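Asker: Sequence and predicted structure are below.
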There are 4 protein chains.
Amino acid sequence: MARNSIGKNLVLTSFGESHGAGIGAVLDGFPAKFSIDFESLKRQMARRRPGQSLLTTTRSESDEVKFLSGLFKGQTTGAPLALFIANNEQKSGDYDHLADVFRPGHADLMYQAKYGIRDHRGGGRSSARITAAWVAAGALAMQWLEKQDIYIRAWVHQIHGCTMNEVEHMPSLSEIEASATRCPDSLVAESMIKAIEQAKADGDSLGGIIAFRVEGLPMGIGEPVFGKIQAELGLYLLNINATTGLEFGDGFKAVNLRGSEHNDAWIPHDQQLATSQSNHSGGSIGGISNAIPLTGKLAFKPVSSIQKEQNSIDKQGQPVTLQVNGRHDPCVVPRAVPIVESMLALCLMDLVLEHNTYKS
Amino acid sequence: MARNSIGKNLVLTSFGESHGAGIGAVLDGFPAKFSIDFESLKRQMARRRPGQSLLTTTRSESDEVKFLSGLFKGQTTGAPLALFIANNEQKSGDYDHLADVFRPGHADLMYQAKYGIRDHRGGGRSSARITAAWVAAGALAMQWLEKQDIYIRAWVHQIHGCTMNEVEHMPSLSEIEASATRCPDSLVAESMIKAIEQAKADGDSLGGIIAFRVEGLPMGIGEPVFGKIQAELGLYLLNINATTGLEFGDGFKAVNLRGSEHNDAWIPHDQQLATSQSNHSGGSIGGISNAIPLTGKLAFKPVSSIQKEQNSIDKQGQPVTLQVNGRHDPCVVPRAVPIVESMLALCLMDLVLEHNTYKS
Amino acid sequence: MARNSIGKNLVLTSFGESHGAGIGAVLDGFPAKFSIDFESLKRQMARRRPGQSLLTTTRSESDEVKFLSGLFKGQTTGAPLALFIANNEQKSGDYDHLADVFRPGHADLMYQAKYGIRDHRGGGRSSARITAAWVAAGALAMQWLEKQDIYIRAWVHQIHGCTMNEVEHMPSLSEIEASATRCPDSLVAESMIKAIEQAKADGDSLGGIIAFRVEGLPMGIGEPVFGKIQAELGLYLLNINATTGLEFGDGFKAVNLRGSEHNDAWIPHDQQLATSQSNHSGGSIGGISNAIPLTGKLAFKPVSSIQKEQNSIDKQGQPVTLQVNGRHDPCVVPRAVPIVESMLALCLMDLVLEHNTYKS
Amino acid sequence: MARNSIGKNLVLTSFGESHGAGIGAVLDGFPAKFSIDFESLKRQMARRRPGQSLLTTTRSESDEVKFLSGLFKGQTTGAPLALFIANNEQKSGDYDHLADVFRPGHADLMYQAKYGIRDHRGGGRSSARITAAWVAAGALAMQWLEKQDIYIRAWVHQIHGCTMNEVEHMPSLSEIEASATRCPDSLVAESMIKAIEQAKADGDSLGGIIAFRVEGLPMGIGEPVFGKIQAELGLYLLNINATTGLEFGDGFKAVNLRGSEHNDAWIPHDQQLATSQSNHSGGSIGGISNAIPLTGKLAFKPVSSIQKEQNSIDKQGQPVTLQVNGRHDPCVVPRAVPIVESMLALCLMDLVLEHNTYKS
């Protein structure tokens, strides 16, 4: 299929641009007779919304999700759920100065090269605004997974030079939400705030790392050999804007261990075949979940939109200097937390549904 | 589709087990009238083959590729290419002691949990032996890409504590093949050999990191928004056995830079719209290739098969101690280099073919 | 993927219900820089719209297509086109008497059985109203195909007992539109009108056959072996509501010929490899187009909504008699003509784009 | 995906050519722990095999199915099943006279136009020989469906002018196999034999119609809106070589009925929601099975290979007369019966597995 859809059993089709009529998604394959918790959906949407704190852009988008289809008396019917978020506050004029130049770090030039045409307003299709609809769809997937006792949580592990210690448990939502940074370590969170404020003052931007953890996933989810759980997550998570790296369990540090140190020894368990007291694998072996928490980290580059003057070229291929105006986040990582959770949820729900096909 | 196929326009379907009749693949979508270089194919196969050096397992598999279909007088016909590699040296008896126990680090228990049955001989379907057919298919993709002046190369960047410096160019094949480690830095390669030999002597195993670089990829390859080039590569590369992390360009280190440091400034170019003198992005922005070399790294955990005694459980869920016999690699990373190249080639060729659909 | 999407390179994702907020579609994979002819789109939409003649339902839906995404200054950008048609005239109350009973011939009971829930208003998801968005998407595909000199036309060949003679040429649009029946044979059209009026007077309904013809399709379109052009068309056309049969070329009558009569002899042609003076094959051999006009017929059962009293059951499984109120077409076949053209266009454009992947 | 695969949950990937090493298929998604009945598989293979009666070609292919993967101790493991049938009796020399000419009715010219190259030996990839592997895969699907009490049967309904009466029940296998024609009406079967013998004597060929019936399919199978059960069957069945038309239930004759005659009235049923005493719909409404037997017919054109002299062109586009030698069936319809059953089984099993995903 063309590439604005993702998933096999639960298919998310994305559409929309930053400054068109709006952005949205069609979520197909969601089981019928599910009662949506609309308040919970709103709360998750609010976590991605711009303007939620002084650390983020001052653009104030309401991001209200309208269901165009798929519901009957508040329940899903098995028909596709079309979600739509209107673009209310379109200050397209802010982008007039970018119609003929290509911003470094942004996809402006790539779209021009690929399609021979581009909607320059707010990045058009390449804008991270389109992830609002993913978060809406992902919130529904999270609700469904929670009914299966599968819980997903992401948080900010690092921003620029500020890094928290590894955690071996699930941080609570209140710990994460205690700081606008979404870092559950309050001391590190404070230094992150200072770093972001300094970057903002400098007209510059920062990147960071989001950690995630999934608990309750039963053994057996994930499809060998080309639907390995970590590979499918790779597809979903690396499609999030600005990501540059992904690791599971010990990740790149696994290289520093010997096999005898890395292998998670099996021990008896009273409800499933076995479990382990260590979790180097990060929740899957051979592409299949092992019922130990699924853990990983996702790296984000610093925001490409900076206030500083930069060198680039224009449509005629001539060198120019440009300064990007508009209201941009100095660091999007805190706002990306619900996006990461959503992509985790959409991917895992797809694989759980897939595993159902085997039940005869 | 079920999950033993990968790709949209160039579809690789994998089949086979370690100790069945053989392993193979069907490669569908390969353009017609392409003359295969069989000698080049053999050379690439030899790089993955067990028994190629003292560092690897002493199992000696010939890995001869038989084409069951798709060729006529040495040329492709547009019909699917079925590739088959017979399992010649099946010492299944080596695995009898593993029929009732689950090896830590291996997928034994996961297959049992998922399917309620498993072929315990040599890991069955979860064996990395099945990647031999991927390498064969990938070698054909590499040949096709080279005709388009797109060149792929991977090498060993790190093994356990031994790490080479970053390279900003394409190492030559002879530099890479100069050492059995496939590390192009000869001094680091020597220390890697010592580390591997020591691990082998200890009955233990090591992991490592493979770096890769693609040159010649034109601007515009990759499909927004859910077919981003790095996400598709995530799907392909993280489906390789034993991988634990993946990064592109500056990867996780991008987090340490500010936007003003990370953005690659565009400068004029005489043949394409623009280029850049830096390459923090690793070859793509917004999911689309930018005609700057595509670069990245892939982490492998240490081999799960070790000679040391380990704790685990048996089929009845009772604790056991087990010692894995058989002839295993103390470090598979050097042999994984052609596998990484193949997955890169299959993915990129798929995306190049996809981009062709837009030409009307 | 879940099953509300169709197509591989040009993917149509359908959403919406008869009495929800509206119905729509996302069309992904449409090439960039295409200027849409909005007037032509409106004309095609008007051909499917209810209330267009006395023969059809008196429901008056405006069916105005709103583009939610994918356009910039009237041109496509390569981003998905989201099309939306609001449900303006929702007289859901008309359907209250159907909430607890299952209409014979309709999918009411099937949805209840499959999903355990159904939106009974106007048939909900099973309503043919959702094809309005297919017609919109198909109109764009037709415009694109016409730029490649590929022309699609469908017309009414038979209604109940009234059948026109076979045509060996492309009827003109004006011949087809001359009658509200969309039968280009004016005499037969008159008898069709009488038959429909009589059925309407009786509170009954009629079915019919739509013939179609595609000219200009080059040789080589269609993908062996499971993407044969006629099989792909089977998937697209038999997904149209109320269809019961499909044939190509001589179709079922081919059975009455011997091979020596059915084989189309090749004769030289000055622009392509060859052509034939006969067209028993209906435009493809072995699944691949042969550059002879593609011809076929699609059968529609009589409309299930009739005013007559019928026997059925209610939700408790008890026998009931029911009479379906509401404003229904006594014969939908004339309005189905643009739906057939749209599905033909979407399918053929998908296959033309697919054939492009081979160009390297 | 490229187009030699079919199915979503149960994926059949076809490979091979008439005169290469062999033909085969990979069947992915088949549930684990299923014990294959190999004798039953052989019997079904024998029904498609050439040389089974005086009515068919005298080519004697053994068509022995070798399992290259996916089995362990006679049971499926959840891994893909690779099936291979070697080409034993390759008299490629028989086809030398066809290397430079294009047979009318065959796909020779189409492959040349599409790919610029073709394997002329026995039709290469376009040969119906490749359906042997579909029959093998379909036989496994039939076995699995029978365990779910779903039974599939096809038989010859018409050959040229010889037509049996409609049947309203499932003919027994012995009734069907009583005649080499596979027509369960013994009197009609005799006249069919005479017609075939006469065509053979004349160096000519005949087509026919295969009827099919599926019993035991529960209510709710089939996926709205683009996975309607009859549309999916359209995709599967019209990919069978030489098919020209397909209808379900009353099919094209439904056009002759009014709605009040065609609607199947629901009546109470003690085990499911309802049933009907009539079956005009042919087993599905709105794309979803209604637990009434699924019925339909598939038309086959007369065999393209005839012994008579025909006009055609050669590779230079010059007119030639050609006579096709080799051992061909005067009528393939009896041998196509197991092919039809196999495609029915593969499609229905795919949809049954799909329906499983909804179970949570």
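Answerer: Okay, I see it.
Asker: When you work out contacts or count neighbours from here on, use the C-alpha atoms and nothing else.
Answerer: Noted.
Asker: And the pLDDT for A:Leu348?
Answerer: Per-residue pLDDT puts A:Leu348 at 98.
Asker: show me the contacts for it.
Answerer: By CA atoms under 8 Å, 6 or more residues apart in numbering or on different chains, the residues touching A:Leu348 are A:Ile229.
Asker: how about the nearest residue to A:Leu12 once chain neighbours are set aside, what does it touch?
Answerer: Taking CA to CA, 6 or more residues apart in numbering or on different chains as the measure, A:Leu12 lies nearest to A:Leu27, with 4.7 Å between them; neighbours along the chain are not counted. Residues near A:Leu27 by CA under 8 Å, 6+ apart: A:Leu10, A:Val11, A:Leu12, A:Thr13, A:Pro80, A:Leu81, A:Ala82, A:Leu83, A:Ala137.
Asker: One more pass at 7 Å, please.
Answerer: By CA atoms under 7 Å, 6 or more residues apart in numbering or on different chains, A:Leu27 lies in contact with A:Leu10, A:Val11, A:Leu12, A:Thr13, A:Pro80, A:Leu81, A:Ala82, A:Ala137.
Asker: Let me know the angle separating the host helix or strand of it from strand C:22-28.
Answerer: Following DSSP states H and E, one finds A:Leu27 within strand A:22-28. Angle between the axes of strand A:22-28 and strand C:22-28 is 90 degrees (criterion: axes from the mean of the first three to the mean of the last three CA atoms, to 10 degrees).
Asker: Strand A:22-28: which residues count as buried?
Answerer: A:Gly22, A:Ile23, A:Gly24, A:Ala25, A:Val26, A:Leu27, A:Asp28 (16 or more other CA atoms under 10 Å in any protein chain shown).
Asker: follow-up on the earlier one: now, the most widely separated pair of the contacts of A:Leu27?
Answerer: Using CA to CA, the two most remote members of the contacts of A:Leu27 are A:Leu10 and A:Ala82, lying 13.1 Å apart.
Asker: Between the two, which has more neighbouring residues?
Answerer: A:Ala82 (30 against 27; other CA atoms under 10 Å in any protein chain shown).
Asker: For whichever helix or strand comes after the strand holding A:Leu27, buried residues please.
Answerer: Where DSSP H and E defines the elements, the next helix or strand beyond strand A:22-28 is helix A:38-48. The neighbour-count check on helix A:38-48 (16+ other CA under 10 Å) flags A:Leu41, A:Gln44, A:Met45, A:Ala46, A:Arg47, A:Arg48 as buried.
Asker: In a markdown table: these, plus distance to C:Ile196.
Answerer: Output for the buried residues of helix A:38-48, formatted as a markdown table (distance: CA to CA, whole Å):
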| residue | distance to C:Ile196 |
| --- | --- |
| A:Leu41 | 50 |
| A:Gln44 | 55 |
| A:Met45 | 53 |
| A:Ala46 | 56 |
| A:Arg47 | 58 |
| A:Arg48 | 56 |
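Asker: now, which of the residues you listed sits nearest D:Ala195?
Answerer: A:Leu41 (69.3 Å).
Asker: Hmm, A:Ala139 and the closest one touching each other?
Answerer: Yes. Between A:Leu41 and A:Ala139 there is a contact under CA atoms under 7 Å: 5.8 Å.
Asker: any weak-confidence spans in the stretch 1-150 of chain A?
Answerer: A:1, A:56-61, A:89-94 (pLDDT under 70).
Asker: mind listing the strands for it?
Answerer: A:5-6, A:11-16, A:22-28, A:66-67, A:71-72, A:75-76, A:81-86 (DSSP state E, counting those that start in this stretch).
Asker: Report the beta-bridge partners for A:Phe248.
Answerer: Note on A:Phe248: beta-bridge partners A:Gly296, judged by DSSP bridges.
Asker: ok, so what distance separates it from A:Ile229?
Answerer: According to CA to CA, to the nearest Å, A:Phe248 stands 11 Å off from A:Ile229.
Asker: Surely A:Asp160 is in contact with B:Asn256?
Answerer: No, residue A:160 isn't Asp; it's His. Yes. Between A:His160 and B:Asn256 there is a contact under CA under 7 Å: 4.9 Å.
Asker: where does the stretch 201-350 of chain A have low pLDDT?
Answerer: In the stretch 201-350 of chain A (pLDDT under 70), the answer is A:326.
Asker: Contact partners for whichever residue of it sits closest to chain C?
Answerer: The nearest approach of the stretch 201-350 of chain A to chain C comes at A:Asp350, 10.0 Å away (CA to the nearest CA). Residues in contact with A:Asp350 (CA under 7 Å, 6+ apart) are A:Gly7, A:Lys8, A:Asn9, A:Leu10.
Asker: again, 10 Å this time
Answerer: A:6-11, A:29-30, A:141, A:221-222, A:232, A:344, D:357 (CA atoms under 10 Å, 6 or more residues apart in numbering or on different chains).
Asker: Can I get the residues you listed in TSV including distance to chain B?
Answerer: Formatted as TSV, these follow (distance: CA to the nearest CA, whole Å):
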residue	distance to chain B
A:Ile6	6
A:Gly7	10
A:Lys8	7
A:Asn9	10
A:Leu10	13
A:Val11	11
A:Gly29	15
A:Phe30	18
A:Ala141	18
A:Ile221	7
A:Gly222	9
A:Glu232	6
A:Leu344	14
D:Thr357	13
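Asker: Name the member of these with the shortest distance to D:Leu71.
Answerer: A:Gly222 (20.5 Å).
Asker: correct me, but that closest one touches B:Ala2?
Answerer: No. Between A:Gly222 and B:Ala2 there is no contact under CA atoms under 10 Å: 11.3 Å.
Asker: For the stretch 251-360 of chain A, just list every one of the strands.
Answerer: Using DSSP E, counting those that start in this stretch, strands in the stretch 251-360 of chain A cover A:266-268, A:274-276, A:284-285, A:288-289, A:294-300, A:310-313, A:319-322.
Asker: TSV please, covering these and showing distance to C:Thr76.
Answerer: As requested, these are exported to TSV (distance: least, CA to CA, whole Å):
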stretch	distance to C:Thr76
strand A:266-268	56
strand A:274-276	53
strand A:284-285	43
strand A:288-289	41
strand A:294-300	31
strand A:310-313	25
strand A:319-322	28
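Asker: just so I know, which of those strands lies nearest D:Ala199?
Answerer: strand A:288-289 (58.3 Å).
Asker: That closest one and chain B, are they touching?
Answerer: Yes. Under the criterion of CA under 10 Å from any CA of the partner chain, strand A:288-289 makes contact with chain B via A:Ile288, A:Ser289.
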